[in-house]
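Student: Quick one: sequence and predicted model below, then my questions.
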Amino acid sequence: MIGRVLVAGLGLIGGSIALSIKRNHPKAEIMGYDIQETEREKAVAMKIVSEKAESFEKAAERADLIIMAAPVEETEKLMEQLSRITLKKEVTITDTGSTKGKTMRLADHLWPKKDRFIGGHPMAGSHQMGIQNAKSDLFENARYIFTPQSNVPSGKIDELMCWLSGTNAHFLTLDPEEHDYVTGIISHFPHIIAAGLANQAKGHAKKAPLVSLLAAGGFRDTTRIASSNPYMWKEIVKQNRNNLLSLLQEWQNEMNYIQSVLMENDDEAIVQFFEQAKEYRDSLPEPIKKAVSF
Ligand SMILES: NC(=O)C1=CN([C@@H]2O[C@H](COP(=O)(O)OP(=O)(O)OC[C@H]3O[C@@H](n4cnc5c(N)ncnc54)[C@H](O)[C@@H]3O)[C@@H](O)[C@H]2O)C=CC1
Ligand SMILES: O=C(O)C(=O)Cc1ccc(O)cc1
């Protein structure tokens with residue numbers, strides 16, 4: 001496709017999306033904006049964007065496609081800025097935030113005709129941050145979720161999918177509340193548990209250095225995501241607070257249960273606890289083809 005794309009937020013996700021757009025639409029002009037001058041400069045030096053935008057608003061006025069890839073609360077501020085300026089009539093606006101409910105409620109408030117904003121969430125990434133880790137194939141075979149405002153014409157969604165075809169992701173559309181419920185369970189809550197496990201080990205490691213020395217295989221697998229950006233995750237868990245509070249309550253019940261059967265030395269119940277988990281884990285559908293992982 002030919003046109004001007006603005007990527008705002010030149011980190012891991014913004015950089016990877018820009019690279020995947022370049023791959024399939026080499027004639028597109030890609031403008032990059034970041035709140036940090038250093039990241040704007042890196043994006044140009046790495047040839048990820050063709051033009052460095054000094055002003056988000058000025059670049060947005062010229063864009064045919066605007067992709068906001070900043071942390072979720074910063075994206076909300078960018079959306080507010082967009083709603084106050086005159087954009088091209090046919091512009092497509094999307095984001096990449098990990099939560100969708102609050103973002104879509106804000107979109108409906110800012111654009112009450114509900115025909116403007118297509119929420120987006122590429123369901124792949126890494127615990128690493130920053131444009132230096134961007135990859136054109138980051139989203140290969142991953143799911144990419146859209147939560148369009150209710151009156152966005154289907155042709156606009158098709159157009160966005162075409163722009164993003166270089167991600168080689170599998171697109172699907174979801175209701176924003178359903179999105180937050182599901183991603184709360186399989187992404188946001190596991191980040192809390194991974195951080196909790198890492199914090200627990202840290203407490204013991206102070207007294208017993210062998211804890212860190214022997215931390216391998218299973219511990220590393222289950223806690224890799226504890227190395228993610230704390231500020232980004234602060235925003236994600238706050239946005240999905242209600243779902244996460246109820247999952248935390250469920251988790252405490254689950255832990256109380258395993259504590260009680262262990263106290264009672266109830267062999268059968270202990271086996272059943274692990275058996276149920278294994279049955280569910282083994283039954284998960286295979287990814288379409290393995291997505292990139294770090
Ligand atoms: N890290 C991951 O694996 C995934 C992250 N996401 C979402 O994508 C978004 C971006 O995440 P990452 O790229 O990982 O973060 P990152 O930390 O690598 O990059 C974020 C960039 O946004 C910039 N920024 C902050 N405030 C800004 C503002 N007001 N205007 C313009 N730029 C601003 C920062 O300077 C930084 O360069 C987040 O909303 C996150 O929830 C979605 C899928 C996966
Ligand atoms: O590093 C990992 O495995 C992740 O879980 C990356 C990730 C982070 C945030 C998202 O919204 C989606 C994917």
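Tutor: Noted; the coordinates are in hand. Ligands and ions are numbered 1, 2, ... in the order given.
Student: At the geometric centre of this protein, which residue sits there?
Tutor: Closest to where the C-alpha atoms of the chain average out (CA atoms, centre = their mean) is S98, at 3.6 Å.
Student: Now for that one: which residues touch it?
Tutor: S98 is in contact with V72, H121, T183, S187, H188, I236, Q239, counting by CB atoms under 8 Å, 6 or more residues apart in numbering. Heads up, the C-betas are built off the backbone N, CA and C, glycines and all.
Student: What count of nearby residues applies to E73?
Tutor: Close neighbours of E73, defined as other CB atoms under 10 Å, add up to 17.
Student: Verify the stated contact: V261 with F273.
Tutor: Yes. The pair V261 / F273 is scored as a contact, 6.9 Å apart, by CB atoms under 8 Å.
Student: Quick one: neighbours of V211, just the number.
Tutor: Residues near V211, counting by other CB under 10 Å: 16.
Student: so where does it fall, helix or strand?
Tutor: Taking DSSP states H and E as the definition, one finds V211 inside helix 210-214.
Student: which residues are in contact with that helix?
Tutor: The contact list for helix 210-214, computed with CB under 8 Å, 6+ apart, reads A201, H204, A205.
Student: Just the buried positions in that helix, please.
Tutor: Going by neighbour count (16 or more other CB atoms under 10 Å), the buried part of helix 210-214 is V211.
Student: For ligand 2, tell me which of the contacts of S98 show up nearby.
Tutor: S187 (CB under 6 Å from any ligand atom).
Student: top of the contacts of S98 by neighbour count?
Tutor: Going by other CB under 10 Å, H121 tops the contacts of S98 with 24 neighbours.
Student: Just the element for L87, please.
Tutor: Counting by DSSP H and E, L87 is part of no helix or strand.
Student: Does it touch E61 like I think?
Tutor: Yes. Under the criterion of CB under 8 Å, L87 makes contact with E61 at 6.3 Å.
Student: With just CA atoms, put stretch 172-182 into CSV.
Tutor: Only the C-alpha atoms of stretch 172-182 are listed here, as CSV (Å, rounded to 0.1, in the frame of the first residue of the first chain):
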residue,chain,number,x,y,z
LEU,A,172,-9.3,-11.9,15.1
THR,A,173,-11.9,-9.5,16.4
LEU,A,174,-13.1,-9.5,20.0
ASP,A,175,-15.3,-7.6,22.4
PRO,A,176,-13.0,-5.4,24.6
GLU,A,177,-14.4,-6.8,27.9
GLU,A,178,-14.0,-10.4,26.7
HIS,A,179,-10.5,-9.5,25.6
ASP,A,180,-9.6,-8.2,29.1
TYR,A,181,-11.2,-11.2,30.8
VAL,A,182,-9.3,-13.7,28.7
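Student: Let me see the residues that make contact with it.
Tutor: Taking CB under 8 Å, 6+ apart as the rule, stretch 172-182 contacts 99-101, 103-104, 119, 121, 143-148, 157, 239-240, 243.
Student: Among the residues you listed, which are located in helices?
Tutor: G101, T103, M104, I157, Q239, N243 (DSSP state H).
Student: Of those, which is the nearest to ligand 2?
Tutor: Nearest to ligand 2 among the ones in helices among the contacts of stretch 172-182: Q239, at 11.0 Å, using CB to the nearest ligand atom.
Student: And for the nearest residue to the closest one once chain neighbours are set aside, the neighbour number?
Tutor: Spatially, and ignoring its direct neighbours in sequence, Q239 is nearest to T99 (3.9 Å; CB to CB, 6 or more residues apart in numbering). T99 has 26 neighbouring residues, counting by other CB under 10 Å.
Student: do A201 as well
Tutor: The tally of other residues near A201 (other CB under 10 Å) stands at 16.
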